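*Asks:* what's the 3D shape of this:
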Amino acid sequence: MNKLWIALVLLRFIITLLPQSGYIHPDEFFQNPEVVAESIFGFQVHKTWEWTELPLRNAIFPYATSGSAFLALKKLAEFIPGIVNTYTLVVFPRLLMATLSLSLDLLVYKLCQCLRVKADPCLVLLASSYVMPVFCCRTFSNGPETILYALVMLLVLKATQSKAASGGGQKRHSKTRSNYAFWLSVLISYGIFMRLTFVAFAVWPMLYWVFMIYYRSGLPRVISSLFALIPGTILTVGACILTDSLYYGSISIDTLYSFSTDQFVETVSSFEAVRNLTVSSFEAVRNLTVTPLNFLMYNTDMAKLSQHPIHPRITHFAVNLPLFFLPIVFHLVSSFLSARLQFKKVTFDQINVFLFLGVVIPVGVLSIIPHQEPRYILPVVIPLLVLFCRNFRNMSITFKVSWVTWNIMGFVVFGILHQGGLVPSLGHLGNLSKNTAHTHYNFVFHRTYMPPRHLLASCQSCDSHVMKPSTNQVAVHDLGGADISTLTQTFDRLLQDSEVRGQDSKVRGHEDKSKVAVYVISPSTRHEYFSHLGRYDFHLEEQFPFHLTMEDPMTMINCKNETWMNCAKEFIKTQFSLNLYRVTRIKAP
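*Replies:* Now for the predicted structure:
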């Protein structure tokens with residue numbers, strides 16, 4: 001076993017345990033741990049509209065990942081008091097995802113075996129890529145989607161390379177074909193429920209599978225193979241629809257058990273009862289929650305799509321693919337162009353075509369969608385790496401240096417710096433809200449990504465063995481990129497509540513023990529804006545480095561007559577941190 005690969009896998013788990021402070025996208029939290037933390041711990045959370053107003057997300061994935069991790073953490077809390085905190089709430093789900101990511105290494109190894117490609121270079125490239133710790137070890141659904149895509153590709157290759165693919169009519173071969181078809185239908189059906197965009201990844205392997213069956217065995221075998229997909233599809237789709245319908249409340253357990261055996265016998269003996277049963281059955285079917293259908297309807301509504309960032313159609317190819325794998329993409333493209341310019345014949349064998357189109361077709365299909373985030377194309381890492389290792393067995397020193405440099409840069413920017421102060425600030429705020437009693441804390445987040453509420457570990461009615469219930473109230477006000485006028489209106493409202501509460505206690509003739517505290521969390525690059533809000537006092541309580549925000553870029557500072565060390569410290573404080581201020585109103589003289 002390759003020692004370098006083992007070292008890189010150990011590094012993957014060490015990085016997960018640190019943990020990474022970078023905050024890539026709100027979906028990491030709001031489509032996974034934030035969804036399940038309330039039901040498991042009783043924490044105060046914020047469920048986004050796609051979980052409350054319009055059901056777009058399948059409930060199996062968050063409960064299978066963060067749900068399992070949180071249940072284990074909750075069990076440990078019975079034996080280790082205080083173990084439930086911001087650190088463990090971040091790390092436990094990521095540890096589960098890091099363990100799950102090992103299946104990607106295994107699948108790459110199996111693919112290399114299947115294609116007679118030397119596995120060691122592929123495994124080292126995969127393990128050294130920053131996308132593994134930064135994306136695949138976090139609670140994004142794109143990591144499991146990558147695993148499903150690799151599984152589908154492996155099954156298709158095995159199915160088309162086996163003797164069963166060439167027919168023969170034997171029962172053993174027929175059973176083997178049915179097994180491949182069954183598991184392909186299960187994987188693809190669940191992949192579509194987890195992420196509807198999985199259709200883009202499934203289309204090419206399935207076309208290849210159908211073409212190879214037709215080429216070797218003819219149309220009748222294609223038809224029988226397609227019919228073999230039906231049982232797995234019905235089973236998986238039915239399970240997903242039932243789970244989502246129960247989770248979102250469109251049907252209930254009582255509905256499923258509304259008819260006992262005696263009632264059924266009575267029903268079939270009466271025409272009126274049969275009619276009522278038929279009507280109620282159709283009503284129940286109409287009320288079922290089909291999340292991929294809701295997702296499709298939402299994403300075909302241009303009015304709703306306009307609420308999201310719109311990117312040029314070329315973004316995935318021109319920006320996102322190089323962002324993940326620039327040295328590999330550059331090497332593949334430059335080698336192809338060099339061969340063409342020298343009038344050399346570029347040959348594509350069957351496997352190269354399979355792997356190449358396994359990259360190009362999904363990225364091309366996803367490019368039709370105007371909203372294009374880099375992680376959407378994450379699954380193509382598998383065919384891209386295998387394609388590269390199959391055609392470039394000897395990697396130059398230049399390539400190795402560029403690969404290491406690019407991935408270190410990617411890890412530092414996305415794994416550590418990007419919105420890197422937000423998660424540590426939530427840990428600090430969670431501790432702050434538990435230090436004093438009978439206080440109403442107001443945490444105002446301005447010019448940051450959405451703060452995941454469960455990381456505050458705040459609850460007033462949670463299990464006592466998990467955490468001591470708090471006597472404090474915690475309110476999170478997420479202002480996003482709101483302007484200064486919205487910010488000042490929020491301060492006025494919150495501080496006025498504090499003043500009114502104090503006046504009411506004087507009128508009643510006794511002191512109200514409860515207090516109101518207002519804090520604002522904002523990038524250090526916005527510090528000058530607060531200095532112009534004259535009627536408030538902003539006391540800088542804490543700074544959380546290193547925080548890189550693309551929305552409020554840093555500016556150069558004047559370092560005359562300063563040592564480079566002092567200049568660096570000043571730069572981090574003023575341009576590279578997330579600031580926590582205590583806000584009070586300045587009293588008139």
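
*Asks:* strands of the stretch 351-500 of the chain, residue ranges please.
*Replies:* With strands called from DSSP state E, counting those that start in this stretch, the stretch 351-500 of the chain shows them at 439-446, 473-480.

*Asks:* which of those has the highest mean neighbour count?
*Replies:* Compared across the strands of the stretch 351-500 of the chain, strand 439-446 shows the largest average neighbour count, a mean of 21 (mean count of other C-beta atoms under 10 Å). (Glycine included, C-beta is placed from N, CA and C.)

*Asks:* which residues touch the spatially most central residue of the chain?
*Replies:* Among the residues of the chain, the one closest to the centroid is residue 140, at 1.8 Å (C-alpha atoms, centre = their mean). The contact partners of residue 140, by C-beta atoms under 8 Å, 6 or more residues apart in numbering, come to 25, 27, 28, 31, 32, 375.

*Asks:* tell me the two of the residues you listed that are most distant?
*Replies:* Farthest apart among these by C-beta to C-beta are 32 and 375. That separation is 13.4 Å.

*Asks:* and the pLDDT at residue 452?
*Replies:* Residue 452 carries a pLDDT score of 96 in this model.

*Asks:* cool, and residue 421?
*Replies:* pLDDT, residue 421: 94.

*Asks:* how many neighbouring residues does it have?
*Replies:* Residue 421 has 28 neighbouring residues, counting by other C-beta atoms under 10 Å.

*Asks:* quick one: which of the contacts of residue 140 has the most company?
*Replies:* Of all the contacts of residue 140, residue 32 has the most neighbours under the rule other C-beta under 10 Å, reaching 25 neighbours.

*Asks:* for it, which non-adjacent residue is closest in space?
*Replies:* Counting by C-beta to C-beta, 6 or more residues apart in numbering, residue 139 is the residue found nearest to residue 32 once chain neighbours are left out, at 3.9 Å.

*Asks:* for residue 253, same thing?
*Replies:* That would be residue 246: by C-beta to C-beta, 6+ apart, it lies 7.0 Å from residue 253.

*Asks:* what's the helix or strand for the one you found?
*Replies:* Per DSSP states H and E, residue 246 falls inside helix 230-248.

*Asks:* let's have the strands of the stretch 351-500 of the chain in TSV, adding mean pLDDT and distance to residue 359.
*Replies:* Below are the strands of the stretch 351-500 of the chain laid out as TSV (pLDDT from 0 to 100; distance: least, C-beta to C-beta, whole Å):
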stretch	mean pLDDT	distance to residue 359
strand 439-446	93	38
strand 473-480	92	35
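
*Asks:* closest one to residue 544 among those?
*Replies:* strand 439-446 (12.5 Å).

*Asks:* how about the CA coordinates for that closest one, as CSV?
*Replies:* Extracted C-alpha coordinates of strand 439-446, given in CSV (Å, rounded to 0.1, in the frame of the first residue of the first chain):
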residue,chain,number,x,y,z
THR,A,439,-30.1,38.2,29.8
HIS,A,440,-31.7,38.6,26.4
TYR,A,441,-28.9,38.5,23.9
ASN,A,442,-29.3,40.0,20.5
PHE,A,443,-26.6,39.0,18.0
VAL,A,444,-26.7,41.1,14.8
PHE,A,445,-24.7,39.6,11.9
HIS,A,446,-23.9,42.2,9.2
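
*Asks:* quick check: residue 307 vs residue 129, distance?
*Replies:* Taking C-beta to C-beta, to the nearest Å as the measure, residue 307 falls 33 Å from residue 129.

*Asks:* more crowded one of those two?
*Replies:* Between residue 307 and residue 129, counted using other C-beta under 10 Å, residue 129 has the larger neighbour count: 23 against 9.

*Asks:* can I get the helix holding residue 246 in PDB? Just the C-alpha atoms.
*Replies:* Provided in PDB are the C-alpha atoms of helix 230-248 (Å, rounded to 0.1, in the frame of the first residue of the first chain):
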ATOM      1  CA  ILE A 230     -38.100  -1.000 -13.000                       C
ATOM      2  CA  PRO A 231     -38.100  -2.900  -9.600                       C
ATOM      3  CA  GLY A 232     -35.200  -1.000  -8.100                       C
ATOM      4  CA  THR A 233     -36.600   2.300  -9.300                       C
ATOM      5  CA  ILE A 234     -40.100   1.600  -7.900                       C
ATOM      6  CA  LEU A 235     -38.600   0.500  -4.500                       C
ATOM      7  CA  THR A 236     -36.200   3.500  -4.200                       C
ATOM      8  CA  VAL A 237     -38.600   6.200  -5.400                       C
ATOM      9  CA  GLY A 238     -41.400   4.800  -3.200                       C
ATOM     10  CA  ALA A 239     -39.200   4.800  -0.100                       C
ATOM     11  CA  CYS A 240     -38.000   8.300  -0.800                       C
ATOM     12  CA  ILE A 241     -41.500   9.700  -1.400                       C
ATOM     13  CA  LEU A 242     -42.900   8.000   1.700                       C
ATOM     14  CA  THR A 243     -40.000   9.300   3.800                       C
ATOM     15  CA  ASP A 244     -40.400  12.900   2.500                       C
ATOM     16  CA  SER A 245     -44.200  12.800   2.800                       C
ATOM     17  CA  LEU A 246     -43.900  11.700   6.500                       C
ATOM     18  CA  TYR A 247     -41.200  14.200   7.200                       C
ATOM     19  CA  TYR A 248     -43.000  17.200   5.700                       C
END
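
*Asks:* in CSV: the strands of the stretch 351-500 of the chain, plus distance to residue 554.
*Replies:* Listed next are the strands of the stretch 351-500 of the chain as CSV, based on distance: least, C-beta to C-beta, whole Å:
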stretch, distance to residue 554
strand 439-446, 17
strand 473-480, 20
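
*Asks:* the contacts of residue 140 in helices, which ones?
*Replies:* Applying DSSP state H to these, the entries found in helices are 27, 28.

*Asks:* before we move on, back to that, look up phi and psi at the residue nearest to residue 32.
*Replies:* In terms of degrees, to the nearest 10, the main-chain angles of residue 139 are phi -90, psi 40.

*Asks:* wait, the residue nearest to residue 253 sits on residue 240?
*Replies:* No. Using C-beta atoms under 8 Å, residue 246 is not in contact with residue 240, being 11.1 Å away.

*Asks:* comparing the two, which residue is more hemmed in?
*Replies:* The neighbour comparison of residue 246 against residue 240 (other C-beta under 10 Å) goes to residue 240, with 22 against 16.

*Asks:* how near is the residue nearest to that one when sequence neighbours are not counted to residue 579?
*Replies:* If the residues on either side of it in the chain are set aside, residue 240 comes closest to residue 193, at 4.3 Å by C-beta to C-beta, 6+ apart. Going from residue 193 to residue 579 by C-beta to C-beta gives 42 Å.

*Asks:* go on, residue 447?
*Replies:* From residue 447 across to residue 579, the span is 11 Å (C-beta to C-beta).

*Asks:* before I go, just wanted to say thanks for your time.
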